[in-house]
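**Q** Okay, sequence plus prediction incoming.
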Number of protein chains: 2
Amino acid sequence: MGFLSSIPWIEKVLADLESAEGLGDLQALAERIRAEYGVGHVVYHWVNSAGQQYGCGTYEPAWVQRYLDRNYLRIDPVIQGCYQRFHPVDWKRLDWSGKVARDFLRDAVAFGLGNQGYSIPIRGPNGQFALFTVNHDCDDDVWAAFTEENRRDLILLAHYFNHQVLELEPGRAPPEATPLSPREIDALTLLAMGYSRAQVADTLTISEHTLRVYIESARHKLGALNTTHAVARALQRGVIVV
Amino acid sequence: MGFLSSIPWIEKVLADLESAEGLGDLQALAERIRAEYGVGHVVYHWVNSAGQQYGCGTYEPAWVQRYLDRNYLRIDPVIQGCYQRFHPVDWKRLDWSGKVARDFLRDAVAFGLGNQGYSIPIRGPNGQFALFTVNHDCDDDVWAAFTEENRRDLILLAHYFNHQVLELEPGRAPPEATPLSPREIDALTLLAMGYSRAQVADTLTISEHTLRVYIESARHKLGALNTTHAVARALQRGVIVV
DNA sequence: AACTCCCTCCCCGATTCCGGCGAGGGCGGC
DNA sequence: GCCGCCCTCGCCGGAATCGGGGAGGGAGTT
């Protein structure tokens, strides 16, 4: 991962952490990053397609637990906001109106979070979604200067965290199913576009019976229970693009 | 976009290109990148959720046209391979077995492409998928050294291209539809998991009639023509994750 | 307090989809 | 040259889904 070399302090830190292994590495790295930049918190949060979460960083364990207990994932404006974008987002630009969002923020501050935040979303196939966040307590001007100056480092660090987590997550490759045939892809693609079976058959200029053979074939290949499921899986696996 | 500042030549080039505007900028930038690194080709290729494609780079127009004409998007192992990952990929690590893939490669070389390539996939919500590719003609050792040395720059440049394209693509925000309610999300999520309506209603412990209200409501919000379409759109927009 | 949105339930009929069956010709790979 | 996969077509009945429609209580926002 030589691409981090533009970050002055990174070599030494990574060397220090070499002895550790697995995800503990990243936890320790987050601590070091916090120290190097003198910010309140550094956190990496990752959600895979199965809804499993993984996180590491400098948040208080009590806050992490509360976040999970209260299912804040569905409330957190940072998640909500970043999920739709994929460029770094300053927390100020998010939508904090609404009662639940304000309550959430108040709760977060009570657990030691700062009022400023900067989050970098990274996405992968199969709904993988990760967030690298830096949190701090300061006024707007100071924060704007900080983010402007260190954005590049943060992007690269986000990539690094993501790379490490994926390396340690072997649960991606297995569903390496048999590929879909062109006609099967055509069929699922048109279905995903909202066409009815009759319309799809007409568009492909085949009989509806033939179409059904494709759909069923695709369903079996994808291990899907019905047509909607097949379309969903095909989309998730990226075998069709609508 | 100060995060590019670690690339020595970038400031001057960006200043030179300041006068140009729009996507022409990126075309010219690709040319400059090719010159700076002394490689065969530099290309940025972008596909959005509507299946629209946009590309800029140094490939011969004849090759681009042929790529489109022959619908190589569905054949290209670079696309196929990168779509499932989201870390930089050396073309050597892709699957070039199979007749169509080999034919494709032969055709590409005939149109001036080199035998080496390095592609950086970047993904966004709504099925956005972009590829930043560097292509060259040399032996494996030289190429390995090149990629190792310049990976960081390439990642940052990929981000830059992506940022610029999204800035110039106002067609993203409009479908800023009303958000789905929690129950609607539950319903679509379970449907995407392959459950039948009866099973979903049972799982949510509501009547099937109520469930249908959610599905229809979600369908209208998503502008979907039927249930399968609604699930597909919800997946693409990232409002549900199965 | 008015407003909007969410959740829940019910009616109806027509349309569509599901699931498994069989059968033939063609192309590419081993 | 054989095997496997792909493409194409047909029939069947039962089950599920798709359209709207109306109606009430509750919570949050303004």
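**A** Perfect, thanks for sending it. Residues are numbered from 1 along each chain as shown, chains lettered A, B, ... in the order given.
**Q** Strands of chain A, start to end?
**A** Here chain A has its strands, by DSSP state E, at A:41-47, A:53-57, A:89-90, A:116-123, A:129-136.
**Q** Run a quick neighbour tally on residue A:60.
**A** With neighbours defined by other C-beta atoms under 10 Å in any protein chain shown, the count for residue A:60 comes to 12. Yep, even glycine has a C-beta here, placed from its N, CA and C like the rest.
**Q** What's the separation between it and residue B:75?
**A** From residue A:60 across to residue B:75, the span is 51 Å (C-beta to C-beta, to the nearest Å).
**Q** and what of residue A:40?
**A** Distance from residue A:40 to residue B:75, by C-beta to C-beta: 50 Å.
**Q** so which of the strands of chain A gets nearest chain B?
**A** strand A:116-123 (4.4 Å; C-beta to the nearest C-beta).
**Q** mind saving the C-alpha coords of the closest one as CSV?
**A** Extracted C-alpha coordinates of strand A:116-123, given in CSV (Å, rounded to 0.1, in the frame of the first residue of the first chain):
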residue,chain,number,x,y,z
GLN,A,116,-17.9,19.1,13.8
GLY,A,117,-17.5,16.1,11.6
TYR,A,118,-16.2,15.1,8.2
SER,A,119,-17.2,11.8,6.7
ILE,A,120,-15.9,10.0,3.6
PRO,A,121,-18.2,7.4,2.1
ILE,A,122,-16.8,4.5,0.1
ARG,A,123,-19.0,2.0,-1.7
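**Q** Quick one: mean pLDDT for it?
**A** On average, the pLDDT along strand A:116-123 is 89.
**Q** cool, and stretch A:139-153?
**A** Regarding stretch A:139-153, the rounded mean pLDDT is 90.
**Q** in that stretch, what counts as buried?
**A** Going by neighbour count (16 or more other C-beta atoms under 10 Å in any protein chain shown), the buried part of stretch A:139-153 is A:143, A:146, A:147, A:150, A:151, A:152, A:153.
**Q** Out of the strands of chain A, which is closest to DNA strand C?
**A** DNA strand C sits nearest to strand A:41-47 of all the strands of chain A, at 21.4 Å, using C-beta to the nearest atom of the strand.
**Q** returning to that earlier point: how about CSV for the buried residues of stretch A:139-153, with distance to DNA strand D added?
**A** Supplementary listing: the buried residues of stretch A:139-153 in CSV, determined by distance: C-beta to the nearest atom of the strand, whole Å:
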residue, distance to DNA strand D
A:143, 26
A:146, 31
A:147, 29
A:150, 34
A:151, 32
A:152, 37
A:153, 37
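**Q** and residue A:41, what are its bridge partners?
**A** residue A:135 (DSSP bridges).
**Q** from memory it sits against residue A:56, does it?
**A** No. If you go by C-beta atoms under 8 Å, residue A:41 and residue A:56 don't touch, sitting 11.5 Å apart.
**Q** beta partners of the closest residue to residue A:138 other than its chain neighbours?
**A** Sequence neighbours aside, residue A:116 is the residue nearest to residue A:138 in space, at 5.8 Å (criterion: C-beta to C-beta, 6 or more residues apart in numbering or on different chains). Using DSSP bridges, the bridge partners assigned to residue A:116 are residue A:136.
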